[in-house]
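Participant: Below is the sequence, then the predicted model.
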Amino acid sequence: MKKIYFYPLPVRIWHWLNVCIIFILILTGMQLRIPEISIFSQYNTAVFLHKFFGFALTGSFLFWFLYYLLSGRLKKYYCIRSRDITGIPRQAFYYLFTIFQGKENPHPPSIDEKFNPLQKWAYIVVMFFLTPLIIITGIMFSDVVYFLNYIKIIGGLRILDAVHVATGYGFVIYLIVHVYMSTLGRKIYAHIKTMITGYEEDIH
Amino acid sequence: MMVVLLLILLLLPYSLHGAAQSEGCLECHNNFQDFIHGGIACNDCHNDIGSIPHNEKLAKPSCNTCHQNIVRLYGGNIHEKKKITCRHCHNVHFLNKDKKNCLSCHKQITHKSLPSKEKHMDLLECTACHGKIEASSIEIGIHIKKGIAMKKEMVDLDGNNIIDSGEWDNLQTYLTKKLKGAYKINKTYLSKGNVHIVTPKPTPCKNCHTERVLFNDAHVKFSGVSSYEIPVESRVFIPELPSITKYTQTVHGKKGVQCTDCHVSQNHIDDKICISCHEGLYGIYKDTLHSKKGATKCTDCHNPHSIKSYKELDAKERLAVCSKCHKNYIDTHKWLPNTALHFKYLECSTCHSPDSTKSIVFYFGIRERGKEKILDYADLRDISDMDMDLVSLVDRDKNGVVISKELADFFIELKNRVKKDLFIGSSIIVTKVYHEYSVKRQREKVCTTCHSEHAAFYDSMFLILPEKDKYIYIPVKGTTLSALPASLVIDMFLLGEEKVKIEDFKKLFTAGHKERFEHIRKLGLKWIDLLGILLTLLTFLLIIIHAMVRIAKKR
């Protein structure tokens, strides 16, 4: 079993910072959506925090995008290969059945191919679709009067809200799966440990 | 002069003839020697005298025999109703004696409520306001004794053959500076009416001050060194009162409150005037902190000439009332998230008068070249040949309440006709004002007063429809904000709106086929939460199952 330096420090910092940001965004978002869920005693505190951490998410996303683009990781890890399509059934079959039989992951992470096909598609959806969408709609929400003309183009505040919230639900569902998946390593904490230390011990 | 002489000559023989016929009477009634009544003889009126000596009791002569027209005009007038006969004003035997005028009886007239009382009473005859005027004019005579001749082009500077205010001012300056003491001006307001037709209610101010039905014909007549006549704009002498035009469209104007009901003197209106009608409202306001320390007078906030009633003011106009004094309102509301947005859609009393009734109102508007316009009655009439009973067009089941579907159906129909970017605009406004603005504001920093499905305005929604000269508020009920398809065209969204409830889930499964479809439509954009929550729960469930299998398999 090899031990490889898998996640450089900037990525790890970005990841855990994102954890905090998204955690607070979900909590505040829940209160904004349903005021009866009184997580923060003042509604305007929730509004302020949601806005503040929304901008933080924008910053962290831009950092991730530029870091990955300039370091070549974007092309390396997110380039879709034929394997990413043909490998989907095998990967799904593994998660649904063979994992219980103790069989190996059909697409184990390697230094050249960090994500398995399903994982890659999930990340593509989150990083190139959900995140930009929630950021753009969120920025529009941050100053409705300033962006009013743009908001009207997309059909008004109600549509803006619908898109933002639907994306938010997408994020929540993704996160539940993401957190659970992180326990599917050789040991329950293996993946989490990797994201802290940067070293992947699962490499063959 | 010639005409008068001619008349005297013509009437003389007739008068002498009358006198000659009356000679017999005057032998006894010698105190009537000098009687004068247009040259008629005694028996022209006392026509029941057959021979002399005549009966002691004679019938009362009737003026109507000769003066039919005047008697007819006089009939039904206030004076006639008060049983004031011809003889009360006219000495029928000596017409030129004891001449009476209005003041002979109306000695105590005060005209307390007449603005610029002295001016009006000095310049005008009583009948100018209290009579039926057939012709009226303002005649200004300027007599220049000596000095420079006032040529027409020196007076009518723009050569349009009428003197406007600027030219009049110029003329005044010229006269006072260049022709000191060498000129004389007199101004007369002539009104030709009939004293036999008197109206106790005066002619409205607008007749002279805006519509200019009266005294619109004004002339300057130069005499002396220069001699010519030129018209003057009547507004030079009778000031324009622009508020009168707008006033008729205000609630006060529509309800028939006359200028003089409030303008009882030339002083500014004080609260006593307002209280005479709005006593209850003042009772609430007078003890509040706002009244004691801020706007102490009604007119500090309210302009009685304002063109719209409170219900018709939009949020911006209402904000303008408060921001007259509270100029730094943006700074003091920095704590409020989306400050500008709140002030775009809300008025101050939404939060600062908690006991006021707040409502959501909807209206139809169009967007053209980036600008929004609320459709008024004329717009709707122009749009189509649509029957203009809008209320029944919107409220199809005629139950007095508009539901989401009715609103959407009417919108679609209207949109097909307008062929423009039609939208349903909306805002939260105070529909019933409670005049207490001094409530501790801290309490109102609770956002969930509005940002919650329990916000009071959800129970008070109205569709505003324009009528010819008013707006009708039709109650709107149901989940209008989120239901489809109305929710897609209503330009309003509030954080904390009504969300899906357990009952909504249950109803999806328990409702009948038809009812279920209606329920699905009503849920509208609540479907986002419904699906979101369902999918989240499903994900949890699958993960729990997955985890349990892992535990069972010790993986």
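Facilitator: Good, I have the coordinates.

Participant: so what's the backbone phi/psi at the nearest residue to B:Glu139 once chain neighbours are set aside?
Facilitator: Leaving aside its sequence neighbours, B:Glu139 sits nearest to B:Thr188 (CB to CB, 6 or more residues apart in numbering or on different chains; 4.8 Å). Heads up, the C-betas are built off the backbone N, CA and C, glycines and all. B:Thr188 adopts backbone torsions of phi -130, psi 130, taken as degrees, to the nearest 10.

Participant: gap between the most centrally placed residue in chain A and A:Ala46?
Facilitator: Residue closest to the average C-alpha location in chain A (CA atoms, centre = their mean): A:Val126, at 5.3 Å. To A:Ala46, A:Val126 is 24 Å away according to CB to CB, to the nearest Å.

Participant: Quick one, grab the pLDDT at residue 45.
Facilitator: Going with chain A. Looking at A:Thr45, its pLDDT is 89.

Participant: Let me rephrase: I mean chain B.
Facilitator: Note on B:Cys45: pLDDT of 86.

Participant: Check B:Glu139 too.
Facilitator: pLDDT recorded at B:Glu139 is 93.

Participant: Wait, it touches B:Asp217, no?
Facilitator: No. Using CB atoms under 8 Å, B:Glu139 makes no contact with B:Asp217, being 9.2 Å away.

Participant: list the contacts for the residue nearest to the centre of chain A?
Facilitator: With contact set as CB atoms under 8 Å, 6 or more residues apart in numbering or on different chains, A:Val126 has these partners: A:Phe171, A:Tyr174.

Participant: Distance of it relative to A:Phe63?
Facilitator: Counting by CB to CB - A:Val126 and A:Phe63 are separated by 16 Å.

Participant: Can stretch B:424-433 be said to contact chain A?
Facilitator: No. Stretch B:424-433 lies out of reach of chain A by CB under 8 Å from any CB of the partner chain, never closer than 10.2 Å.

Participant: can you dump the C-alpha coordinates of that stretch into CSV?
Facilitator: Output of stretch B:424-433 as CSV, limited to C-alpha atoms (Å, rounded to 0.1, in the frame of the first residue of the first chain):
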residue,chain,number,x,y,z
ILE,B,424,-49.4,42.2,-12.4
GLY,B,425,-47.8,44.7,-10.1
SER,B,426,-48.1,44.5,-6.4
SER,B,427,-47.1,46.2,-3.2
ILE,B,428,-47.8,46.2,0.5
ILE,B,429,-49.6,49.3,1.5
VAL,B,430,-51.5,50.6,4.5
THR,B,431,-55.1,50.5,3.6
LYS,B,432,-56.5,51.8,6.8
VAL,B,433,-54.3,54.3,8.7
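
Participant: What parts of chain A come near chain B?
Facilitator: With CB under 8 Å from any CB as the criterion, chain A meets chain B at residues A:32-36, A:42-44, A:47-48, A:51, A:95, A:99-102, A:143-146, A:149, A:152, A:155-162, A:165-166, A:168-169, A:172-173, A:176-177, A:180.

Participant: Quick one: residues contacting B:Lys254.
Facilitator: Applying CB under 8 Å, 6+ apart, the residues contacting B:Lys254 are B:Thr248, B:Asp469, B:Lys470.

Participant: Does the one residue in chain B that gets nearest to chain A lie in a helix or a strand, and which?
Facilitator: At 3.2 Å from chain A, B:Gly532 is the closest residue in chain B, using CB to the nearest CB. Taking DSSP states H and E as the criterion, B:Gly532 maps to helix B:526-552.

Participant: again with B:Ile464
Facilitator: Since the elements are taken from DSSP H and E, B:Ile464 ends up inside strand B:461-466.

Participant: Residues contacting that strand, please?
Facilitator: B:359-363, B:375-377, B:380, B:390-391, B:394, B:402, B:407, B:431, B:471-477, B:480.

Participant: quick one, strands of the stretch 351-500 of chain B?
Facilitator: Along the stretch 351-500 of chain B, counting by DSSP state E, counting those that start in this stretch, strands occupy B:357-368, B:371-374, B:402-403, B:421-432, B:461-466, B:471-477.

Participant: What residues sit buried inside the longest helix along chain A?
Facilitator: As assigned by DSSP state H, the longest helix anywhere in chain A is helix A:43-70. Across helix A:43-70, burial judged by 16 or more other CB atoms under 10 Å in any protein chain shown covers A:43-44, A:46-47, A:49-51, A:53-54, A:56-58, A:60-61, A:64, A:68.
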